[in-house]
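In: Predicted model, plus sequence, below.
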Amino acid sequence: MLKSLPFFLLAGLFLFQSCGNKDSRKSFSDVVEYNDYIIDQVNEVDQHYSNALNNSTNEEDGLKACDTLFAVSNRVLERLQNVQPYKNDSTLCESAKGFVNHFSMISKRELPQFFGRIFNTNRTEADQAEIDQRAAFLDQHYEAEMSHFNLVQKALSTKFNFQINK
């Protein structure tokens with residue numbers, strides 16, 4: 001009996017440690033709350049992107065907006081990294097990370113270049129063609145990212161039987 005005591009103590013300690021909640025990421029017991037949280041994160045980045053495009057009146061404003069978009073995107077990515085999958089389904093969160101990461105990346109290269117060209121007062125026809133091409137690039141990638149995210153959200157709503165309110 002005395003020889004089995006260490007075994008029982010070790011087994012009890014192991015069982016106690018394995019039952020503890022080690023995952024400190026944000027978790028959700030309701031799929032709608034999970035969905036809404038992720039949507040809020042995506043909307044925050046989307047709003048900053050829209051503000052950058054719609055409210056920049058000169059190159060300096062545009063570059064400041066790019067810096068803000070980069071900072072917000074990285075904060076949102078960090079928040080999304082700290083979300084547990086809902087019932088082992090992480091597709092919506094992963095799709096949101098892809099969407100947000102896209103904006104983090106373009107805020108450092110494509111968007112500043114776009115603002116540099118669009119606010120150039122000595123624009124040539126070649127510059128205008130480049131602006132049009134960059135605008136199309138930004139629009140196409142935005143639409144592709146948003147479309148993919150919406151498809152993933154729709155699949156989640158079908159899988160867990162909830163309605164998406166747009």
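Out: Yep, that arrived.

In: Without its sequence neighbours, what residue ends up closest to residue 23?
Out: residue 84 (6.2 Å; Cβ to Cβ, 6 or more residues apart in numbering). The way it works is simple: take the backbone N, C-alpha and C, and place the C-beta from them, glycine included.

In: next SSE after the helix or strand of the chain with the lowest mean pLDDT?
Out: Within the chain, judged by mean pLDDT, DSSP states H and E, the helix or strand with the poorest mean is helix 5-19; its value is a mean of 57. Per DSSP states H and E, helix 5-19 leads on to helix 31-55 as the next helix or strand towards the C-terminus.

In: Okay, buried residues for the helix or strand just after that following helix please.
Out: Using DSSP H and E, the helix or strand that follows helix 31-55 in sequence is helix 59-81. Buried residues in helix 59-81, defined by neighbour count with 16 or more other Cβ atoms under 10 Å: 62-63, 65-66, 69-70, 72-74, 76-77, 79-80.

In: Just the closest of the residues you listed to residue 125, please.
Out: Nearest to residue 125 out of the buried residues of helix 59-81 is residue 62 (Cβ to Cβ; 22.0 Å).

In: residues contacting that closest one?
Out: 52, 56, 111, 112, 114, 115, 118, 119 (Cβ atoms under 8 Å, 6 or more residues apart in numbering).

In: Can you select the buried ones from those in PyMOL?
Out: Selecting the buried subset of these in PyMOL, with 16+ other Cβ under 10 Å as the burial test, is done by:
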select buried, resi 52+56+111+112+114+115+118+119
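
In: need the contacts of residue 62 in CSV with distance to residue 164, secondary structure and pLDDT, can you?
Out: What follows is those, written out as CSV (distance: Cβ to Cβ, whole Å; DSSP: H, G, I helix; E, B strand; the rest coil; pLDDT from 0 to 100):
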residue, distance to residue 164, secondary structure, pLDDT
52, 27, helix, 96
56, 32, coil, 96
111, 29, helix, 96
112, 34, helix, 97
114, 32, helix, 95
115, 34, helix, 96
118, 35, helix, 95
119, 38, coil, 95
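
In: so where is the protein shaky, pLDDT-wise?
Out: 1-21, 166 (pLDDT under 70).

In: in what helix or strand does the closest residue to residue 38 other than its chain neighbours lie?
Out: Leaving aside its sequence neighbours, residue 38 sits nearest to residue 96 (Cβ to Cβ, 6+ apart; 4.9 Å). Assigned by DSSP H and E, residue 96 belongs to helix 91-106.
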